[in-house]
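**Student:** Provided below for reference: sequence and predicted model.
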Number of protein chains: 2
Amino acid sequence: MDVRDAGFHGKLDADQSESQISHLALDIGGTLIKLVYFSRNKDRPIDENKNSKNSVIEGRLHFAKFETSKINDCLEFILSNKLHLGGFRHHKDPASDKILIKATGGGAYRFADLIKEKLGVSIEKEEEMECLVAGANFLLKAVHQEAYTYMDGRKEFVHIDHNDLYPYLLVNIGSGVSMIKVDGDGKFERISGTSVGGGTFWGLGRLLTKCKSFDELLELSHQGNNRVIDMLVGDIYGGLDYSKIGLSSTTIASSFGKAISDNRELEEYKPEDIARSLLRMISNNIGQIAYLNALRFGLKRIFFGGFFIRSHAFTMDTISVAVNFWSKGEAKAMFLHHEGFLGALGAFMSYEKHSRDDSTSPQLGQRYPVCTPLVGDKICYPLNGDLNDNDSLECSVYVA
Amino acid sequence: MDVRDAGFHGKLDADQSESQISHLALDIGGTLIKLVYFSRNKDRPIDENKNSKNSVIEGRLHFAKFETSKINDCLEFILSNKLHLGGFRHHKDPASDKILIKATGGGAYRFADLIKEKLGVSIEKEEEMECLVAGANFLLKAVHQEAYTYMDGRKEFVHIDHNDLYPYLLVNIGSGVSMIKVDGDGKFERISGTSVGGGTFWGLGRLLTKCKSFDELLELSHQGNNRVIDMLVGDIYGGLDYSKIGLSSTTIASSFGKAISDNRELEEYKPEDIARSLLRMISNNIGQIAYLNALRFGLKRIFFGGFFIRSHAFTMDTISVAVNFWSKGEAKAMFLHHEGFLGALGAFMSYEKHSRDDSTSPQLGQRYPVCTPLVGDKICYPLNGDLNDNDSLECSVYVA
């Protein structure tokens, strides 16, 4: 288990547990399960808005993740903290006590029966790409200092002009990679993708290095030197650049190409060098394919999300360099602070739909936190945006 | 050593050795050295063309390859068969007895001193991309049944309309991959490339399977099942398609992604399954990047060359499917019978330049076989084109 809110270990601490925790949403991917849920600040009463039928609740959005292969740990965490009670009752049958939980990702299909059995709640499936886009749009518009560039070790926050956000390319790097052209709220098209993603890094990395976790592999790559295994232009050209086509001697000509002629066994390479070459190969490849797709549609901004990145400096640097190199400086790679939770956030926000549908049902109304910073294209209700130390998100929500 | 002309083993057989072998050209890449040389048919005299200053010699072009790491074997082969004498003397100093051999690829720089030392000849370096393009144009225009498509196990020769050949995309898959937009003879631009190429397949493959040769790895992949290690859409979606975005349950969502959760060690996977996943990942990736680049420039035809392919059915099938899938049937992958020898052929043809420069030098003139099927854009001298059984190329050449 890895809960971003650092205070959480298995069971929430008493303080948090006592506050009303509700409105769980899940994104169950091939490798990771991502959770988003809302906790009401217990010391702050509901702020009744006199000019509207809605109330505002202040609280926090929390983020957690588990490995998909350890889904039982995840369900245990949900159960012991009663997060599953923060769903909603079916709007077509308000009398029913059947609770529905929003979920997206392939696991919403794959594990629907298991979740029903263990938690006694049903899954309301939300479409994966829709959730990714909704999550990204929400973060870009509502959260201050969400997007940033990273190059040569320097992180720079990007000011998002809400009137000039679209179109952009969203590249979500999970186990595989989806590339989505986003033209507005709910307006998008999945234009490309690649199977060479986070699952490839971790899968190949496990086989090659015997690392026990993704983060261990990432940490290893930090210490490695890719030149040990990658065949560089200089290796082929006797130390020279191939300047006529703009390739310096240190450009990678062939990832893992040096392993051809070294006559070394796998065990004779340092795991950190292997991890480094692997990370660079995959990051560079994703950056290149993303750029080529951005080019097709004239998209200047590329936002990279998904749990592959994990704010890892070298990963971001490689992706940025790739986009910069291939676009000759025309396109820009940007990263998102909540990179891994786009889908889960999108699923969380889909509770809003039911809030609208069921405004006649006050009992349910209490249960729908709706992070709706937007009306049309304008932010009318900015969240109390900044990220706090433990990565949960201060947040005010409408309650119908 | 692997000589395409099946009769060659170390030393050429007497019959071939007695015929005049000359005009060696080399392409020394990161992984392989490719050789092209010409042998005159000893039973056929020079056919003096009364209407021209030139003579025509009939003979054969021969193709051979060695691993770059075993360059000494290659030099021994050249030496024992006196291929190195088939160079030319420097045109600026005809009196000099310094012999120059045409070579391209990074190794022309890296091994220039070694070659000088062992063979006593100097290397005349030819630019790699120029040679690839010259070689491809030559093959496409002069050799019958050179280009073909491959899909669903069916090979179909492509008729090349010489008046409608350009522009095309040339994708040369060596250790790394170069993508070149070709607009005419000598008119081209290297528009892209990727470090994920043949060297990656063989380098990663060696580390993961302990195979002893590229061909062994390729053969293994033939018997493997990629679904054992690749994470498919159906693995994430509980056996279902993700039909909304057009992905079937058998689409690879994440190459090597299943190795994440299997808890199996490398040794517990079958090498053939690993080889299959690796080949599919790399072929598919190259096909996708090639297509995206073809799209940028509106190129409908993509020719794939380089020694990675080796006429391997599954490789070609995967590349074809990738190009077809991403282009929605708009673009077509085509392959070249002499795929691995584009650069070496281009270097061979560059002897022509010297033939022109030195037409005053009859002594040298004898030494320049010039495969010039083209005058302007028309074939005026088609080669006696078909490939024969042992893959050498029947060929008539001008001699200045």
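**Tutor:** Now that the structure is in, tell me what you want to look at.
**Student:** low-confidence ranges in chain A?
**Tutor:** Residues of chain A meeting the criterion pLDDT under 70: A:1-19, A:42-56, A:89-97, A:353-391, A:396-400.
**Student:** If you count neighbours, what's buried in the lengthiest strand in chain A?
**Tutor:** Longest strand in chain A, counting residues (DSSP state E): strand A:55-67. Across strand A:55-67, burial judged by 16 or more other Cβ atoms under 10 Å in any protein chain shown covers A:55, A:57-67. Backbone N, C-alpha and C define where each C-beta goes, glycine included.
**Student:** swap in stretch A:117-133?
**Tutor:** Buried residues in stretch A:117-133 (16+ other Cβ under 10 Å): A:118-119, A:121-133.
**Student:** Now narrow those to whatever sits close to chain B.
**Tutor:** A:127-129 (Cβ under 8 Å from any Cβ of the partner chain).
**Student:** Turn those residues into TSV, including distance to residue B:257.
**Tutor:** What follows is those, written out as TSV (distance: Cβ to Cβ, whole Å):
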residue	distance to residue B:257
A:127	21
A:128	16
A:129	19
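**Student:** contacts for stretch A:243-251?
**Tutor:** Surrounding stretch A:243-251, the residues in contact under the criterion Cβ atoms under 8 Å, 6 or more residues apart in numbering or on different chains are A:227, A:232-234, A:237, A:239-242, A:253, B:127, B:129, B:190.
**Student:** now those residues: which count as buried?
**Tutor:** Buried subset of the contacts of stretch A:243-251 (neighbour count, 16+ other Cβ under 10 Å): A:227, A:232-234, A:237, A:242, A:253, B:127, B:129, B:190.
**Student:** Quick check: the farthest pair among those residues?
**Tutor:** A:227 and B:127 (25.5 Å; Cβ to Cβ).
**Student:** follow-up on the earlier one: for residue A:169, state which of the buried ones among the contacts of stretch A:243-251 is nearest.
**Tutor:** Using Cβ to Cβ, residue B:190 is the member of the buried ones among the contacts of stretch A:243-251 that sits closest to residue A:169, with 25.0 Å.
**Student:** OK, contacts around that closest one?
**Tutor:** A:245, B:129, B:178-180.
**Student:** isn't there a helix covering it?
**Tutor:** No. Checked against DSSP: H, G, I helix; E, B strand; the rest coil, residue B:190 lies outside a helix; its state is strand.
**Student:** Mind listing the residues bridging to it?
**Tutor:** residue B:180 (DSSP bridges).
**Student:** What sits closest to the residue nearest the centre of chain A if chain neighbours are left out?
**Tutor:** Most central in chain A under Cα atoms, centre = their mean is residue A:340, positioned 1.9 Å from the mean C-alpha point. Leaving aside its chain neighbours, residue A:340 sits nearest to residue A:307 (3.8 Å; criterion: Cβ to Cβ, 6 or more residues apart in numbering or on different chains).
**Student:** Which strand or helix spans the one you found?
**Tutor:** Per DSSP states H and E: residue A:307 is located in neither a helix nor a strand.
**Student:** That one and residue A:394: what is the separation?
**Tutor:** For residue A:307, the distance to residue A:394 (Cβ to Cβ, to the nearest Å) stands at 23 Å.
**Student:** Check whether the residue in chain A sticking out farthest from the centre sits in a helix, strand or coil.
**Tutor:** For chain A, the largest distance from the centre (Cα atoms, centre = their mean) belongs to residue A:238, which lies 42.7 Å off. Following three-state DSSP, we place residue A:238 in the coil state.
**Student:** can you pull the contacts of the nearest residue in space to it that is not next to it in sequence?
**Tutor:** Excluding the flanking residues, the one nearest residue A:238 by Cβ to Cβ, 6+ apart is residue B:110, at 3.2 Å. Contact partners of residue B:110, counting by Cβ under 8 Å, 6+ apart, are A:236-239, B:28.
**Student:** and of those, the nearest to residue A:74?
**Tutor:** Nearest to residue A:74 among the contacts of residue B:110, with distances taken as Cβ to Cβ, is residue A:236, at 48.1 Å.
**Student:** Roughly how far does the closest residue to the closest one other than its chain neighbours sit from residue A:254?
**Tutor:** In space, and not counting its chain neighbours, residue A:236 is closest to residue B:106: 3.1 Å by Cβ to Cβ, 6+ apart. For residue B:106, the distance to residue A:254 equals 11 Å [Cβ to Cβ].
**Student:** cool, residue A:193 as well?
**Tutor:** 24 Å.
**Student:** Same check on residue A:202?
**Tutor:** 23 Å.
**Student:** These two - which one has more neighbours?
**Tutor:** residue A:254 (33 against 27; other Cβ atoms under 10 Å in any protein chain shown).
**Student:** wouldn't that one be in contact with residue B:198 here?
**Tutor:** Yes. If you go by Cβ atoms under 8 Å, residue A:254 and residue B:198 touch, sitting 7.4 Å apart.
**Student:** Send over stretch A:62-71 as PDB, restricted to the C-alpha atoms.
**Tutor:** Output in PDB follows, covering the C-alpha atoms of stretch A:62-71 (Å, rounded to 0.1, in the frame of the first residue of the first chain):
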ATOM      1  CA  HIS A  62      -7.200  12.200  -0.600                       C
ATOM      2  CA  PHE A  63      -5.200  10.100  -2.900                       C
ATOM      3  CA  ALA A  64      -4.000   6.500  -2.400                       C
ATOM      4  CA  LYS A  65      -2.700   3.700  -4.500                       C
ATOM      5  CA  PHE A  66      -2.200   0.000  -4.300                       C
ATOM      6  CA  GLU A  67      -0.800  -2.600  -6.700                       C
ATOM      7  CA  THR A  68      -3.600  -4.200  -8.700                       C
ATOM      8  CA  SER A  69      -2.100  -7.600  -7.900                       C
ATOM      9  CA  LYS A  70      -2.700  -6.800  -4.300                       C
ATOM     10  CA  ILE A  71      -6.300  -5.800  -4.700                       C
END
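**Student:** what's the nearest residue to residue A:130 if we skip its chain neighbours?
**Tutor:** residue A:346 (6.5 Å).
**Student:** ok now do the one you found, which residues does it touch?
**Tutor:** A:27, A:104, A:126, A:130-136, A:138.
**Student:** what's the closest of those residues to chain B?
**Tutor:** Taking Cβ to the nearest Cβ as the measure, chain B lies nearest residue A:130 of these, at 9.2 Å.
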